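Novice: Predicted model, plus sequence, below.
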Amino acid sequence: MGNMEQVGHTLEAFAAQCHDFVKAEPGPAGRQKICKLLSQVLLDEQFVAKYVDSNDKERNILYEDPEFGFCIIAHNYEGPKESGPHDHGHSWAIYGQARGETAMNDWALVEKASVQVPGKVKHVRTYKLTPGVAHLYNEGDLHSPKREASTKLIRIEGTDMTKVQRLKFVAL
């Protein structure tokens, strides 16, 4: 025992720290602190086992902040899949890889999207999200995940994205 014992993360403490970061710095700087903290939480095997591995739903909201509306979500994605380029509307999101690997693509906006017409985007880069890696996407950041096999993530959305209208984008 003694000083060598590492205290694991709890969902309550993690959510409270995220809340404090958003309250102190509501923009990208506060989100970057959440992103860094999420990277540490993802390396906590007990936390991942309790909140992510035990989840069998594709989307399971673990926490929704009553003041700021951000959501901490456990995702269990089965099998291979590639998503099209998208942003998070007026919101932001942090993707945190817990299990498996995601190839993430970043896209540059060439032509804005409207409700009727998809926007046009150009591929910028591809990088890997592996367990313990978290990445912040601010408002308007265009990205698309691809996975070769099942993955598990913790995502933090600035707002519940199921309630946000999303515009479509097509790659040039």
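Specialist: Thanks, I have the structure now. Numbering: from 1, shown residues only.
Novice: Quickly find the element holding residue 127.
Specialist: Per DSSP states H and E: residue 127 is located in strand 119-129.
Novice: next helix or strand past that strand?
Specialist: If you walk from strand 119-129 toward the C-terminus, the next helix or strand you reach (DSSP H and E) is strand 134-137.
Novice: strands paired with that following strand, and their directions?
Specialist: strand 93-99 (antiparallel) (DSSP bridges).
Novice: Name the residues of the strand it pairs with that come out as buried.
Specialist: 93-99 (16 or more other Cβ atoms under 10 Å). Backbone N, C-alpha and C define where each C-beta goes, glycine included.
Novice: centre of the chain versus it, how much separation?
Specialist: 5 Å (Cα atoms, centre = their mean, to the nearest Å).
Novice: got the contact list for it?
Specialist: 31, 34-35, 38-39, 41-42, 48, 52-53, 102, 104, 129-137, 145, 150-158, 161 (Cβ atoms under 8 Å, 6 or more residues apart in numbering).
Novice: what do you get if the cut-off is 6 Å, keeping everything else the same?
Specialist: Under the contact criterion Cβ atoms under 6 Å, 6 or more residues apart in numbering, strand 93-99 has outside partners 35, 38, 42, 48, 52, 129-131, 133-137, 152-157.
Novice: For stretch 71-90, buried residues please.
Specialist: 71-77, 85-88.
Novice: Going along the chain, name the strands of this structure.
Specialist: For the chain, strands defined by DSSP state E occupy the ranges 60-64, 71-77, 81-82, 93-99, 102-111, 119-129, 134-137, 142-147, 151-157, 169-171.
Novice: one step back: same question for the strand holding residue 127, mean pLDDT?
Specialist: Over the span of strand 119-129, the pLDDT mean works out to 98.
Novice: Could you check how many residues crowd around the closest residue to residue 47 other than its chain neighbours?
Specialist: Using Cβ to Cβ, 6 or more residues apart in numbering and skipping residues adjacent in sequence, the residue nearest residue 47 is residue 9, 4.7 Å away. Residue 9 has 21 neighbours, counted by other Cβ atoms under 10 Å.
Novice: right, and residue 9 touches residue 41 too?
Specialist: Yes - if you go by Cβ atoms under 6 Å, residue 9 and residue 41 touch, sitting 4.9 Å apart.
Novice: what residues are shared contacts of the two?
Specialist: residue 47.
Novice: Just the buried ones from the contacts of strand 93-99?
Specialist: 35, 38, 42, 48, 52, 129, 131, 133-137, 152-157.
Novice: Pick out the residue closest to the middle of this protein.
Specialist: residue 95 (2.3 Å; Cα atoms, centre = their mean).
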